[in-house]
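Peer 1: Okay, here's the prediction I keep looking at, along with the sequence it came from:
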Amino acid sequence: MASYKLFYFPIRGAGEPVRLLLAHKEIKYEDIRIAREDWPKEKPNMPFGVIPVLEEDGKKLGGSTVILRYLGEKHGLAGSNAWDNAHLANISDFIKDFTNELVKVRYEKDETRKQELQKRLAEEVFPKYLGKLNELTAATGYLCCGRLTWPDLQLYNILDYILKGHPEVLSNFSGLTSLRKNIEADANMSKWIKERPETEN
C-alpha cells in the first residue's frame, strides 16, 4: 500500500473532496493542515507553489482536480473506458466553472457589486448550473456511470458550501438531493463527515 500525505489549509475547501475519497476507500494518510502564517515558508516546497498537494511515496502531485482524478482512476472511482473518463473530466470542468461563479461572490469587497452578484447567482447561476447537474443525476443520484465517481465528491463539497447560505436551494432538484443522500449513506464517508474538524469553510 502506498504511503500518502495530503497538504492543505485547515479548511474544507478544495482539499475536502480528496479527503472524502480517501475516507471512502479507507486509505490511510497524513492530513497535514498548514496554518496561513506558515504558508510562505512551505510554499517553495510545493509543485507550482499551490495546495492542495498529494504526496505518494515521496512524490508530490498538485492541483485539487488532478489529485481527485488520479485517485479516482487508481481506486475504481472513474469510468470503465476512455469516453466515460473524458465525460467525467467534462463534468468536472463544468463544476469548476460553477465554483468560480461562487468565488466571485464570496470575495467581492464592494457591497453594491456583491449584491448584484448575489442577485445574478439566484436568478441565473443557480438555475443554469444546478439545473444541468440535476439532469445528470436525475436517474440514479450519480453524475455518470450509475455509480459513485470522483466528480460526485467534487459536487458534494460545493453543494455542502452552498447549502450553508442557501438552505432551500435544492428543493426543486431531486437528483442533487439524491446525490447527497447517496454519499451520506456510505458508511466511511458518513463517518468522516460526522467526525471531521469544524471549519469556517
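Peer 2: Right, received. Where do you want to start?
Peer 1: Could you count how many residues lie near Phe173?
Peer 2: Per other CB atoms under 10 Å, the neighbour tally for Phe173 reads 20. Every residue, glycine included, has its C-beta placed from N, CA and C.
Peer 1: Quickly find the element holding the closest residue to it other than its chain neighbours.
Peer 2: The shortest distance from Phe173 to any non-neighbouring residue, by CB to CB, 6 or more residues apart in numbering, is to Asn134 (4.1 Å). Using DSSP states H and E, Asn134 maps to helix 126-137.
Peer 1: Now the next helix or strand after that helix: buried residues?
Peer 2: Scanning forward in sequence from helix 126-137 by DSSP H and E, the next helix or strand is helix 150-165. Buried positions in helix 150-165, judged by neighbour count with 16 or more other CB atoms under 10 Å: 150-162.
Peer 1: Tell me what angle helix 150-165 forms with helix 126-137.
Peer 2: If you take axes from the mean of the first three to the mean of the last three CA atoms, to 10 degrees, helix 150-165 sits at 140 degrees to helix 126-137.
Peer 1: quick one, helices of this protein?
Peer 2: Under the criterion DSSP state H, the chain contains helices at 16-24, 39-42, 64-74, 82-107, 111-120, 126-137, 150-165, 174-185, 187-195.
Peer 1: And His75, how far from Leu153?
Peer 2: 12 Å (CB to CB, to the nearest Å).
Peer 1: what do these two both touch?
Peer 2: Common contacts of His75 and Leu153 (CB atoms under 8 Å, 6 or more residues apart in numbering): Leu21.
Peer 1: any idea how far Ala2 lies from Glu56?
Peer 2: 5 Å.
Peer 1: Could you give the number of residues near Glu101?
Peer 2: Neighbours of Glu101 (other CB under 10 Å): 16.
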